[in-house]
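In: only geometry, no sequence info:
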């Protein structure tokens with residue numbers, strides 16, 4: 001029975017309505033939130049937020065980011081960690097897809113990309129995607145997708161004592177060591193602390209050879225998410241100095257560890273362990289049921305440079321989960337082929353340029 005369903009795009013004055021629905025269901029995700037669309041709108045994406053109602057009650061949602069492609073009057077649709085609906089009701093999924101297709105025709109979208117945080121082990125959902133015409137858009141291992149495909153998810157519904165007991169003994173030891181050595185975690189950070197966090201983040205990225213976003217991006221995260229209680233900054237202090245910092249998202253039933261920064265000095269006092277434990281306790285106290293440690297490598301050999309990151313996250317005893325990955329629903333096969341052929345070439349060119357600039361700086 002689908003006739004009682006209706007879909008519509010929402011506007012600014014329904015922000016709360018949209019977010020409240022997303023936060024009330026298990027599959028809701030901060031990347032589908034109204035605010036995330038606002039943040040992305042600063043970087044050439046245009047958010048299209050659709051709510052699906054049954055008898056005037058919300059039962060589904062999809063926040064689509066639309067990106068215009070230069071020169072061809074076409075665009076791409078991407079719904080990060082969407083759509084959001086009850087997995088037991090595939091008819092809602094079908095209805096969403098029909099409505100998105102109407103939008104796609106109107107906006108001349110080439111395809112819709114999705115990457116739901118639904119485990120690959122959920123075969124029903126995998127079949128649902130394939131029978132609805134989605135094709136896998138996997139580019140490679142682990143971190144290469146837009147969103148991480150392999151994550152550690154920790155169920156934080158047990159009490160603190162049990163959570164500690166379930167950790168690897170070395171992790172527990174390091175949490176206590178940090179406390180013993182006098183590391184303290186500041187939870188009521190201000191925007192001035194964000195600057196300090198960014199300074200340490202630059203140090204981290206230099207050390208681990210990661211690319212880093214400009215400071216303005218973190219200011220936006222602060223204004224749109226931290227200010228509204230959807231994110232929080234934690235800073236670790238030692239001997240009067242900040243030596244580590246983290247940013248965590250909190251939305252509905254899920255907390256997501258999103259950015260971590262640690263100074264090159266005083267790593268021996270283990271601030272990263274204590275800061276994670278503080279975030280877990282905070283998330284739990286604020287109603288989250290799941291703590292997502294986010295990306296870990298898919299290729300788990302000890303010589304992988306990211307193996308240390310895997311081992312660190314594993315110590316907290318979360319479940320190692322592989323998501324279904326990226327899937328595309330193609331509306332225009334020719335332009336899709338063009339996109340897949342041209343876009344990697346473009347990306348490669350951009351990377352070469354970045355590396356070249358780096359060399360010049362050295």
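Out: Yep, that arrived. Note that the structure is a prediction, hence the values are computed from the model and not measured.

In: From now on I want contacts and neighbour counts done on CA atoms only, so please keep to that.
Out: Noted.

In: Would you mind listing the outside residues contacting the lengthiest strand in the chain?
Out: Scanning the chain for the strand with the most residues, using DSSP state E, yields strand 57-69. Strand 57-69 has contacts (Cα atoms under 8 Å, 6 or more residues apart in numbering) with 18, 21-22, 32-34, 37, 40, 44-53, 74-80, 82-86, 92, 96.

In: Please repeat the previous calculation with a cut-off of 6 Å.
Out: With contact meaning Cα atoms under 6 Å, 6 or more residues apart in numbering, strand 57-69 is reached by 32, 45-53, 75-79, 82-85.

In: Please, a PyMOL command that selects the buried ones among the residues you listed?
Out: Those of these that count as buried under 16 or more other Cα atoms under 10 Å are selected in PyMOL with:
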select buried, resi 32+45+46+47+48+49+50+51+52+53+75+76+77+78+79+82+83+84+85
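
In: Low-confidence stretches in the stretch 1-150 of the chain?
Out: 1-3, 139-145 (pLDDT under 70).

In: Okay, helices next: where are they in it?
Out: 15-24, 34-40, 90-107, 123-131 (DSSP state H, counting those that start in this stretch).

In: Likewise for the stretch 251-362 of the chain?
Out: Ranges of helices within the stretch 251-362 of the chain are 271-285, 307-314, 333-361, based on DSSP H, counting those that start in this stretch.

In: Can you redo these as CSV, where the extra columns are mean pLDDT?
Out: As requested, the helices of the stretch 251-362 of the chain are exported to CSV (pLDDT from 0 to 100):
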stretch, mean pLDDT
helix 271-285, 98
helix 307-314, 87
helix 333-361, 78
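
In: Please work out which of those helices is packed deepest.
Out: Neighbour counts (mean count of other Cα atoms under 10 Å) averaged over each of these peak at helix 271-285, with a mean of 21.

In: Show me what that helix is in contact with.
Out: Contacts with helix 271-285, where a contact means Cα under 6 Å, 6+ apart, come from 175, 178.

In: quick one, it and helix 307-314 angle?
Out: 40 degrees (axes from the mean of the first three to the mean of the last three Cα atoms, to 10 degrees).

In: And helix 271-285, how far out from the chain middle?
Out: Centroid displacement of helix 271-285 relative to its chain, using Cα atoms, centre = their mean, to the nearest Å, is 18 Å.

In: which residues sit against the host helix or strand of residue 206?
Out: Taking DSSP states H and E as the criterion, residue 206 maps to helix 191-208. Residues outside helix 191-208 that contact it (Cα under 6 Å, 6+ apart): 245, 261, 262, 263.

In: After it, which helix or strand is next?
Out: Immediately after helix 191-208, counting by DSSP H and E, sits helix 215-221.

In: For the nearest residue to residue 152 once chain neighbours are set aside, grab the count of nearby residues.
Out: Spatially, and ignoring its direct neighbours in sequence, residue 152 is nearest to residue 320 (4.6 Å; Cα to Cα, 6 or more residues apart in numbering). Neighbour count for residue 320, taken as other Cα atoms under 10 Å: 16.

In: Surely residue 320 is in contact with residue 155?
Out: No - using Cα atoms under 6 Å, residue 320 is not in contact with residue 155, being 11.7 Å away.

In: What separation do you get for residue 21 and residue 14?
Out: As defined by Cα to Cα, to the nearest Å, residue 21 lies at a distance of 11 Å from residue 14.

In: the more surrounded of these two?
Out: More neighbours surround residue 21 than the other of residue 21 and residue 14, with 19 against 12 (other Cα under 10 Å).

In: Please report how far the closest residue to that one other than its chain neighbours lies from residue 18.
Out: Once flanking residues are discounted, residue 21 sits nearest to residue 58: 6.7 Å by Cα to Cα, 6+ apart. The gap separating residue 58 from residue 18 is 8 Å, by Cα to Cα.

In: Could you point out which residue ranges in the stretch 201-350 of the chain have low pLDDT?
Out: Looking along the stretch 201-350 of the chain with the criterion set at pLDDT under 70, you get 297, 300, 346-347, 350.

In: Apply 90 and report the result again.
Out: Residues of the stretch 201-350 of the chain that meet the criterion pLDDT under 90 lie in 207-211, 264-265, 267-268, 294-311, 338-350.

In: where's residue 185, which helix or strand?
Out: Taking DSSP H and E as the definition, residue 185 sits inside strand 184-186.

In: Give the partner strands of that strand in its sheet and their orientations.
Out: Each strand paired with strand 184-186, and its direction, by DSSP bridges: strand 231-238 (antiparallel).

In: Now do the partner strand: everything it contacts.
Out: Residues outside strand 231-238 that contact it (Cα under 6 Å, 6+ apart): 183-187, 225-226, 242-250.

In: quick one on the thing from earlier: settle it for me: which of residue 58 and residue 18 has more neighbours?
Out: Set residue 58 next to residue 18 and count neighbours by other Cα under 10 Å: residue 18 wins out with 24 against 19.
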